[in-house]
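Trainee: Quick one: sequence and predicted model below, then my questions.
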Amino acid sequence: MECIVLAGGLGTRLQGVIGATPKCMATVAGQPFLFHLFQYLESQNCHRVILSLGYKHEIVENWLIATDWEFEIEIVIETEPLGTGGGISLAMKKAKSENVFVLNGDTMFRVDLKTMLDFHKNKNAAASLALKQLNNFERYGVVKIDKNECVQSFEEKTFTEEGLINGGIYILNRDTFLSKQFPEKYSFEKEYLEQYVVEQKFYGFIADTYFIDIGVPEDYNQAQKDFA
């Protein structure tokens, strides 16, 4: 099991709380958020992590020197912001597996990754997205799927009483993804997911498990309580 972790974000909306610290290193219950994410990946028997870094990457690298993990870690560094897509493309070139997980370094979604990988393979999917059912939200867009879990569309952010959101965990078929032509800087969501959804090769894996995105102060504060 091979995972790309996107951890190069600036954390603009959190800067009033965490200062100039990279978002993935924001302290949650006494440890960097990345610590909790890595613990989760160990519990899921991940064997290799490609860590995509950018903003103040030295802070993350110094922390890694002082820690020990069961999986192999390879680092790729964006010398300038490449967008979510550019960061994934850069890291994917280092991938060794046919199907590669992609996770956000500021989100915890406790999906059973082995079950999700089996789902992805059974669907012969180009991409599988972990989806979470939420009620009464406006921070996230909605993902529409059909009765066979095939993704039909991505809806813009608006107040929604009930719907499935993109939980920020993906499985990508490496060769299919790398066969697409993208600019160096691009949005994974806009220029891959939304553009190629018409090919009917994206599938939604629904998981009713713990989910939090620490990207805004309210949820960052909530994470302090949850992880304590």
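Mentor: Received the coordinates, thanks.

Trainee: From now on I want contacts and neighbour counts done on CA atoms only, so please keep to that.
Mentor: Fine.

Trainee: Now stretch 71-87: buried residues?
Mentor: Neighbour counts over stretch 71-87 (16 or more other C-alpha atoms under 10 Å) mark Phe71, Val76, Ile77, Glu78, Pro81, Leu82, Gly83, Thr84, Gly85, Gly86, Gly87 as buried.

Trainee: Now the element after the host helix or strand of the last one, going C-ward?
Mentor: Spelled out, it's Gly87. In this assignment (DSSP states H and E), Gly87 forms part of helix 83-92. For helix 83-92, the following helix or strand on the C-terminal side (DSSP H and E) is strand 99-104.

Trainee: helices or strands next to that next one in the packing?
Mentor: The contact analysis (3 or more C-alpha pairs under 8 Å, 6 or more residues apart in numbering; DSSP states H and E) places strand 99-104 against strand 2-6, strand 160-173.

Trainee: angle of the first one against helix 83-92?
Mentor: Comparing the axes of strand 2-6 and helix 83-92 via axes from the mean of the first three to the mean of the last three C-alpha atoms, to 10 degrees yields an angle of 140 degrees.

Trainee: Show me the strands paired with strand 2-6, marking each as parallel or antiparallel.
Mentor: Applying DSSP bridges, strand 2-6 is found paired with strand 48-53 (parallel), strand 99-104 (parallel).

Trainee: helix, strand or coil for the closest residue to Ile214 other than its chain neighbours?
Mentor: Counting by C-alpha to C-alpha, 6 or more residues apart in numbering, Tyr220 is the residue found nearest to Ile214 once chain neighbours are left out, at 4.3 Å. The three-state label given to Tyr220 by DSSP: H, G, I helix; E, B strand; the rest coil is helix.

Trainee: give the contact list for Asn135.
Mentor: Neighbour list for Asn135: Thr160, Glu161, Glu162, Gly163 [criterion: C-alpha atoms under 8 Å, 6 or more residues apart in numbering].

Trainee: Good, we can wrap up now.
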